[in-house]
Every structure is written in structure tokens, then in C-alpha cells.
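In: got a predicted model here, sequence first, then my questions.
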Amino acid sequence: MTVARSVADVLADHVVFEIECIDRMYCNVYVPQLQYAGGLLGYIQRQLGLPIASTAPLGKITDAFSAGMRRFAREQQVPWVDFAKGQRKDDVMHEHLARFTAQEGVLFIGRAQEKTGLFRTERRRDSQGDSYPWIVKATGVVNHFYVYAVDCDFGPFFLKFCSYFPYNAKLCINGHEWAKRQATKAGIAHTALDNGFATCADPATVQAICDRLGPEQIDALLRKWLALLPHPFSPADREAGYRYDISVLQAEFSLTQVLDRPISGRVFFEHVIRDNLDAGRPDQVSLIFDRELRRKGPRPTPGRFRTRVITEGVTPSLHIDYKHTTIKQYHKEGRALRTETTINNPDDFGIRKRLTNLPALREIGISANRRLLGVQRLSHNPIRAAEAFTAVHDPIITDTGHRIAGLRLGDRRAHALLQALLMFRLLPNGFLSRDLRGLLAGLLGRDAISAGQMSYDLRRLRAHRLITRIPHSHRYRLTDTGLHHAMLLSNVHTRLLMPGLAQLADPDPPAATALRTAARNYSRALDQLSQEAGLAA
């Protein structure tokens with residue numbers, strides 16, 4: 001088993017299986033009619049039957065909702081947590097999750113004060129100087145209720161309610177947790193990875209499961225738990241159409257490629273960072289997202305385009321920014337290559353935020369992951385190039401200690417051999433030793449090549465895997481490696497090396513060339529640098 005040396009090497013030879021899935025999703029849960037002052041006024045006047053435009057009557061609804069949360073926690077024996085400032089809510093969740101044994105239920109309810117948008121009443125005066133109440137949008141620090149729960153289909157999730165009107169909420173789910181539970185129900189053996197699969201008996205079926213996750217399943221989860229938890233809106237309100245809807249606030253789309261062993265991912269990722277530090281440039285980002293970026297002109301594309309390498313401990317991660325979207329690539333738990341695209345604003349791609357547009361967002365996110373890997377696969381790979389070059393250029397020592405010479409670049413005989421090999425690429429039955437002898441003699445300007453010399457050349461061509469012998473015959477066939485080396489090295493020697501040296505070595509060239517001009521400027525710059533160094537000493 002070889003060690004991974006490049007992006008193309010890892011993706012072709014070291015990926016055990018791969019899964020594409022929606023990862024974390026953070027959704028807005030809101031009543032559409034109550035997101036603007038006019039809609040709130042209509043609710044107060046038509047639904048509550050009050051003639052004045054004031055938010056004061058809504059205080060009773062807020063008090064009843066807060067009391068309902070307290071009562072639910074008490075009656076269901078659900079722990080209540082008042083979050084301290086700066087406390088990590090996920091840490092508290094994991095503590096309760098470790099002690100939770102039921103298949104489904106509420107882990108705990110947390111309360112935290114957070115800044116949010118809300119409506120307030122302010123006094124205004126008309127043209128006569130009389131005052132009247134007016135509803136305006138504002139911000140304030142108010143209580144929020146975090147309901148952390150475990151669902152039999154989705155696993156751990158949380159639903160956060162604002163305690164003030166219009167009682168907007170946030171829903172946070174994990175698509176991989178949903179997929180793992182569906183795989184278990186389908187009887188597919190697997191080993192869980194944090195936010196993914198470490199092993200899988202049937203990757204194709206699991207991928208089909210991941211592809212099923214969409215708006216219908218997420219909406220069903222919300223409706224199920226809204227029916228179980230205290231609700232800020234009465235049945236009459238919901239009957240009148242004041243019902244929650246969902247939009248996408250943030251969505252992560254991931255590609256997890258499980259590797260054969262940890263060292264493959266570690267070596268691979270070091271090369272990814274080194275070779276792809278320019279991936280965040282606008283011209284590279286446009287390849288990943290398949291969108292035109294304008295950096296100049298009257299309407300340049302807004303946003304920051306950059307590549308960042310962040311190291312936490314000894315594990316580096318590559319980050320590429322495009323507007324409000326980020327692609328992150330890292331080595332996950334030493335077992336998998338993880339590429340994930342996080343879309344924070346669907347408007348960046350001309351897509352509306354309603355949950356019904358999730359399939360279109362998923363297509364963009366998954367495509368971005370694949371395009372990034374495609375760009376990386378085509379990036380420069382000096383390690384593999386050096387290995388391939390030395391495999392042909394350097395001599396080989398056999399197990400018995402015999403030395404077989406390499407085909408050195410610039411060597412006339414080696415160059416003639418590579419040129420001669422190209423003549424036999426299309427022969428279906430290969431070529432004989434005498435066929436190569438005749439061509440090689442003509443290329444070297446000789447009358448003949450002895451049988452011993454030809455045997456020596458055939459031996460080193462076979463040892464360097466440029467040709468292979470056809471079984472049960474005296475014929476040889478050019479290998480793909482031989483074809484690639486013969487074409488490239490012959491062209492480099494004939495079209496680059498020889499003409500370039502001729503231009504530089506000619507003491508009296510017929511006309512100035514770009515190569516001679518560049519060489520002259522480079523020499524002048526070196527001479528100037530040397531003089532400055534001498535003066536400084």
C-alpha cells in the first residue's frame with residue numbers, strides 16, 4: 001500500500017467510500033404576517049379586537065408563554081438551566097445527553113438573555129399636537145428559551161424561542177444524525193463518525209438515504225415538536241392563519257471521504273494547503289461556484305474573497321470565502337477528508353430563503369465541494385512529478401546488485417530512443433528488436449547498431465517500464481508511461497531545450513529575441529545586486 005502524495009493520488013487510490021449529506025442547518029422559524037409593523041397592527045386590531053396601536057396588550061401573551069415553559073419543565077420533570085454569560089450551550093447539552101437514556105424527549109430547557117429584533121410602542125404627535133401610539137421596529141435584550149431535545153428520527157436538536165412578540169424561533173438540526181438513524185432503521189451496519197460515517201456496509205443505500213432529506217422531513221420535525229411544547233399562539237390564532245413558517249438561515253453541505261489510513265489524509269492535506277493557497281482568489285472562486293465575479297467596473301461583485309489556513313492544535317484546515325459563503329476542508333478525526341460548504345445567505349446565489357428552496361441550495365453546496373476538489377486535483381504536484389522524472393532519469397539497482405542506466409535528459413542516445421518509441425505506438429502487434437535498431441541507427445547517424453547494444457537499450461527500457469514484452473513472443477509494446485515520457489521529454493528537448501540554448505549561445509544572433517532580452521535583464525539585475533552587496537560589506 002503506497003502513501004498518498006497528491007490530491008489526485010488520494011482521490012483515486014486511497015478513498016474507501018464517500019458520503020454527501022446536508023450537515024448542520026440553522027433555520028428561522030417565524031410567522032410571516034407578523035414580521036412588519038403593519039402586520040402586527042392588523043393582529044392587534046383584528047385578532048385581539050383592540051382599537052389602539054400598542055404592544056402593551058402583548059405583555060399578557062408573553063407572560064403566559066413564559067409561565068407555560070416553566071410549567072412544562074416542572075410537570076415533565078425537565079431540567080431547567082439559566083445560562084451564565086459566556087457559557088457554552090453545547091457543553092451543557094452534551095452533559096445532559098450523556099445521561100439521557102430514552103429514545104426521544106426533552107433534555108433540558110435553558111434560558112438566556114440575548115439581543116434580538118422586536119417591536120416597541122413610541123409616542124408621536126400629529127399636526128394638531130396631540131399624541132398617539134405608534135409601533136416601530138427596535139432591538140432589545142430579552143429572554144430566550146432553548147429547548148434541547150432528542151428526536152427518534154433526527155437525534156439531538158434544539159429549538160430556541162424568543163419570549164417577546166412576534167415570538168420568532170430558531171431550529172438547529174444535523175442531517176448526518178438523521179441519516180445515521182435512518183440507516184439503523186434500514187438495518188445497514190455502520191460505525192458512527194462525529195457528524196458522519198466512519199464505516200458503512202452499503203454506501204450506495206446510505207447515500208440514497210442522505211439524498212432524501214429535504215423540506216418535508218424538516219417541516220414535519222418542527223410541526224411535531226410545536227404540538228408537544230408550549231405554544232405562544234392560541235388555537236384561534238393558528239386557525240386564523242398565524243402559523244409558523246421556516247426559512248434557511250445557515251446550511252452546511254458536506255462531502256466526507258473516508259480514507260484507508262490516517263497517514264494518507266495527513267500527507268495529502270499538507271500538500272493541499274501548500275498547493276492551493278490561491279484558491280480564494282476571485283478567478284479561482286469563480287471556478288468553484290460557477291459564477292462570474294467582477295472586481296472592476298460600476299457594479300463589482302461585493303464581498304471578501306480570500307483563503308485562510310487555520311491551525312487548531314496540530315490539525316490544519318483550509319478556508320475559502322465567497323461573499324457570505326465559506327468552504328472548509330480538513331482532516332476529520334484522522335480518518336476522513338471533509339469538505340463542507342456553508343451558505344449563510346442564499347441571496348448570494350439568487351435563491352430565496354424559504355425552506356422549499358433547500359434542494360436548489362443543496363445542489364450549489366454539493367457542486368461547490370466537488371468543484372473545489374476538481375481544482376485541487378488539477379493543481380501542480382511537484383512530488384509526483386519529481387518521482388516520475390527520477391524513475392526514468394536515474395539508474396536502477398537490481399536485487400542482484402546490477403546497475404541499469406537511466407535515460408538522462410539531454411543524452412543523445414536516450415533522446416533518440418524516446419523518439420524512436422513514438423513510431424511504434426499505433427502498431428497493434430508491437431515491434432521487434434530489429435525494427436528499433438533500424439530507427440535508432442538513423443536517428444544517431446550510424447550505419448548500424450549491434451545486437452548487444454540493442455539488447456542493452458531494450459533492457460533499460462523494460463526496467464524503467466517504458467516498454468513491456470508481449471507474452472510468448474519476441475515483440476514489445478509501448479506502455480502508457482513510455483508514451484507520456486516519450487512525448488513530453490522529446491518535445492522539451494526538441495522544441496524548448498535545443499532552440500533556447502541556440503538563442504542564448506549564438507554570439508551574433510540575427511535579431512533580438514524575448515529569451516535573450518530576459519536573460520540579459522536578469523544578468524544585469526544580478527550584477528547590480530552583487531555590487532550593492534559589495535558596497536554594503
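Out: Structure's in. What do you need? Numbers count the residues shown, from 1 in each chain.
In: and for residue 196, nearest residue in space, chain neighbours not counted?
Out: Of all residues not flanking residue 196 in the chain, residue 256 sits nearest, at 4.4 Å (CB to CB, 6 or more residues apart in numbering). Using the backbone N, CA and C atoms, a C-beta is placed for each residue, glycine as well.
In: for the one you found, give me phi and psi.
Out: phi -110, psi 120 (degrees, to the nearest 10).
In: next, count neighbours for it.
Out: Neighbours of residue 256 under the rule other CB atoms under 10 Å: 24.
In: got a list of what it touches?
Out: 18-21, 193, 196-197, 332, 336-338 (CB atoms under 8 Å, 6 or more residues apart in numbering).
In: show me what it is bridged to.
Out: Beta-bridge pairing of residue 256 under DSSP bridges involves residue 19, residue 338.
In: let's see the pLDDT reported for it.
Out: Residue 256 carries a pLDDT value of 92.
In: doesn't residue 511 fall inside a helix?
Out: No. The assignment for residue 511, made by DSSP: H, G, I helix; E, B strand; the rest coil, is coil rather than a helix.
In: quick one on the thing from earlier: please determine how far the residue nearest to residue 196 is located from residue 393.
Out: 39 Å (CB to CB, to the nearest Å).
In: again with residue 61
Out: Relative to residue 393, and taking CB to CB, residue 61 is found at 81 Å.
In: helix, strand, or coil at the residue lying closest to residue 198 once chain neighbours are set aside?
Out: Excluding its sequence neighbours, the residue lying closest to residue 198 (CB to CB, 6+ apart) is residue 191, at 4.3 Å. The local conformation at residue 191, judged by three-state DSSP, is strand.
In: so residue 191 touches residue 201, yeah?
Out: No. Counting by CB atoms under 8 Å, residue 191 stays clear of residue 201, with 9.7 Å between them.
In: residues near the residue nearest to residue 198, how many?
Out: By other CB under 10 Å, the residues close to residue 191 number 12.
In: ok, now residue 10?
Out: 26.
In: one more: residue 37?
Out: 14.
In: any stretches of this structure with poor pLDDT?
Out: 1-9, 53-54, 263-316, 375, 377-387, 425-428, 534-537 (pLDDT under 70).
In: centre of the chain to the longest helix along it, how far?
Out: Ranked by residue count and defined by DSSP state H, the top helix of the chain is helix 514-536. Centroid displacement of helix 514-536 relative to its chain, using CA atoms, centre = their mean, to the nearest Å, is 44 Å.
In: which neighbouring elements make contact with it?
Out: Packed against helix 514-536 by the contact rule (3 or more CB pairs under 8 Å, 6 or more residues apart in numbering; DSSP states H and E) you find helix 498-505.
In: what angle do the helix it packs on and helix 514-536 make?
Out: Counting by axes from the mean of the first three to the mean of the last three CA atoms, to 10 degrees, helix 498-505 points 50 degrees away from the direction of helix 514-536.
In: give me the contact list for helix 498-505.
Out: So helix 498-505 is contacted by 509, 513, 515-516, 519 (CB under 8 Å, 6+ apart).
In: go on, stretch 522-537?
Out: With CB under 8 Å, 6+ apart, stretch 522-537 has no contacts at all.
In: quick one: buried residues of it?
Out: Buried residues in stretch 522-537, counting neighbours by 16 or more other CB atoms under 10 Å, are absent.
In: distance of residue 64 from residue 227?
Out: For residue 64 relative to residue 227 (CB to CB), the value is 18 Å.
In: the two - which one has more neighbours?
Out: The residue with more neighbours, out of residue 64 and residue 227 and counting by other CB under 10 Å, is residue 64; that gives 12 against 8.
In: OK, contacts around the residue nearest the centre of the chain?
Out: When CA atoms, centre = their mean is applied to the chain, the residue found nearest the centroid is residue 339 (3.2 Å). By CB under 8 Å, 6+ apart, the contact list for residue 339 reads 254-255, 257, 327-329, 369, 372-373.
In: go through these and flag which are in helices.
Out: Going by DSSP H, the helices hold 369, 372-373 from the contacts of residue 339.
In: what about the helices in the stretch 151-300 of the chain?
Out: 175-185, 203-212, 215-228, 235-239, 262-275, 282-289 (DSSP state H, counting those that start in this stretch).
In: alpha carbons only: can I get the first one in PDB?
Out: Think helix 175-185. The C-alpha trace of helix 175-185 is given here as PDB (Å, rounded to 0.1, in the frame of the first residue of the first chain):
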ATOM      1  CA  GLY A 175     -28.500  16.000   8.700                       C
ATOM      2  CA  HIS A 176     -25.900  13.300   9.500                       C
ATOM      3  CA  GLU A 177     -27.700  12.400  12.700                       C
ATOM      4  CA  TRP A 178     -30.900  11.900  10.700                       C
ATOM      5  CA  ALA A 179     -29.100   9.800   8.100                       C
ATOM      6  CA  LYS A 180     -27.500   7.600  10.800                       C
ATOM      7  CA  ARG A 181     -30.800   6.900  12.400                       C
ATOM      8  CA  GLN A 182     -32.400   6.100   9.100                       C
ATOM      9  CA  ALA A 183     -29.600   3.700   8.300                       C
ATOM     10  CA  THR A 184     -30.100   2.000  11.600                       C
ATOM     11  CA  LYS A 185     -33.800   1.600  10.900                       C
END
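In: what lies in contact with that helix?
Out: 19, 21-25, 152-156, 190, 192, 195-197, 200, 205-206, 209-210, 212-213, 217, 254.
In: what angle do it and helix 203-212 make?
Out: Using the same axes, to 10 degrees: helix 175-185 against helix 203-212 is 130 degrees.
In: how about the helix or strand hosting residue 488: buried residues?
Out: Residue 488 belongs to helix 480-491 when assigned by DSSP states H and E. Burial within helix 480-491, assessed by neighbour count using 16+ other CB under 10 Å, is assigned to 481-482, 485-486, 489-490.
In: which other helices and strands contact that helix?
Out: Looks like helix 480-491 contacts helix 382-393, helix 412-421 (3+ CB pairs under 8 Å, 6+ apart).
In: run the last query once more with 6 Å
Out: helix 412-421 (3 or more CB pairs under 6 Å, 6 or more residues apart in numbering; DSSP states H and E).
In: kindly export the helix it packs on (C-alpha atoms) in PDB.
Out: The C-alpha trace of helix 412-421 is given here as PDB (Å, rounded to 0.1, in the frame of the first residue of the first chain):
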ATOM      1  CA  ARG A 412      21.700  12.000 -27.300                       C
ATOM      2  CA  ARG A 413      21.200   8.200 -27.200                       C
ATOM      3  CA  ALA A 414      18.400   8.400 -24.700                       C
ATOM      4  CA  HIS A 415      16.700  11.100 -26.700                       C
ATOM      5  CA  ALA A 416      16.900   9.000 -29.900                       C
ATOM      6  CA  LEU A 417      15.400   6.000 -28.100                       C
ATOM      7  CA  LEU A 418      12.400   8.100 -26.800                       C
ATOM      8  CA  GLN A 419      11.900   9.500 -30.300                       C
ATOM      9  CA  ALA A 420      12.000   6.000 -31.900                       C
ATOM     10  CA  LEU A 421       9.400   4.700 -29.400                       C
END
